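Student: Only the shape, not the letters, is given here:
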């Protein structure tokens, strides 16, 4: 297993366009998290899945954001009608539900720039 | 709610200097505590962790001790190297939460 994989690594888009990011977690991990990180800040929680079920969404996740994990494996995060304030690094992490207190494994992130 | 406060940076040190990055937490239960490191353009890597009071996490010469009485988890290293230059994040994970909470990060630069 090569760890958590995120694609693309970088995305530049025009304001108003839709973008979609993909995360492939470690195969045996049933929990998958999305975080957003802006410059000079720590990661902020957006949402998480246990298997295919989305169990919690942060208030940061406006209705322009949607996430899916259709078969409990990879996940996608879509941002509709992007705004300049959406520019950030989007991080995906995975873990096992019974081992949350042992830490998450993060991907390398997708850096979004909205121009 | 549960949160982490860590020392503001940036921190600039000469090679072989002693490093301390302070981290304190607020939590209603007994969280697990973590230090993550982020190199430029990359995601976060778990550096070390401690899951209960008085535990010491250690890795690559870095150490941190879970101090319940002072609600702290300070990161230390006896002799830093240029390759340690990165951003360090303190984090906690509590049973009451379903997500990990991070501090704002401390940027460390080590000069030769």
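Tutor: Nice, I can see it. Small disclaimer: the values here were computed from a predicted structure and weren't measured. Residues are numbered from 1 along each chain as shown, chains lettered A, B, ... in the order given.
Student: Where does chain A get nearest to chain B, which residue?
Tutor: Across chain A, the shortest distance to chain B (C-beta to the nearest C-beta) belongs to residue A:42, at 3.4 Å. Glycine gets a C-beta too; all of them are placed from N, C-alpha and C.
Student: ok, the residue lying closest to that residue once chain neighbours are set aside - contacts?
Tutor: With sequence-adjacent residues excluded and distances taken as C-beta to C-beta, 6 or more residues apart in numbering or on different chains, residue A:42 is closest to residue B:102, at 3.4 Å. By C-beta atoms under 8 Å, 6 or more residues apart in numbering or on different chains, the residues touching residue B:102 are A:42-44, B:4, B:36, B:89-91.
Student: Would you check how far apart the residue of chain A closest to chain B and residue A:29 are?
Tutor: Residue A:42 is 22 Å from residue A:29, where distance means C-beta to C-beta, to the nearest Å.
Student: coming back round to it: helix, strand or coil for the residue of chain A closest to chain B?
Tutor: Three-state assignment for residue A:42 (DSSP: H, G, I helix; E, B strand; the rest coil): coil.
Student: unless I'm mixing things up, it is touching residue B:104, no?
Tutor: Yes: in terms of C-beta atoms under 8 Å, residue A:42 counts as a neighbour of residue B:104; the distance is 5.1 Å.
Student: Which residue of those two possesses the greater neighbour count?
Tutor: residue A:42 (22 against 16; other C-beta atoms under 10 Å in any protein chain shown).
Student: how near is that one to residue A:32?
Tutor: 19 Å.
Student: ok and the residue in chain B nearest chain A?
Tutor: Across chain B, no residue is closer to chain A than residue B:102, which sits at 3.4 Å (C-beta to the nearest C-beta).
Student: how many neighbours does residue A:59 have?
Tutor: 6.
Student: What segments of the chain are strands?
Tutor: Because you didn't say which chain, this covers chain A. In chain A, the segments counted as strands under DSSP state E are A:5-7, A:10-13, A:19-24, A:31-37, A:44-50, A:53-57, A:65-68, A:75-79, A:88-95, A:105-106, A:110-114.
Student: if you could check chain B rather than the one you did, that'd help
Tutor: Using DSSP E, strands in chain B cover B:3-6, B:11-14, B:19-21, B:23-26, B:32-38, B:44-50, B:56-59, B:62-65, B:75-77, B:86-93, B:100-102, B:106-111.
Student: what's the offset of the lowest-mean-pLDDT helix or strand in chain B from the middle of its chain?
Tutor: In chain B, no helix or strand scores lower on mean pLDDT, DSSP states H and E than strand B:100-102, which sits at a mean of 91. In terms of C-alpha atoms, centre = their mean, to the nearest Å, the centre of strand B:100-102 is found 11 Å from the chain centre.
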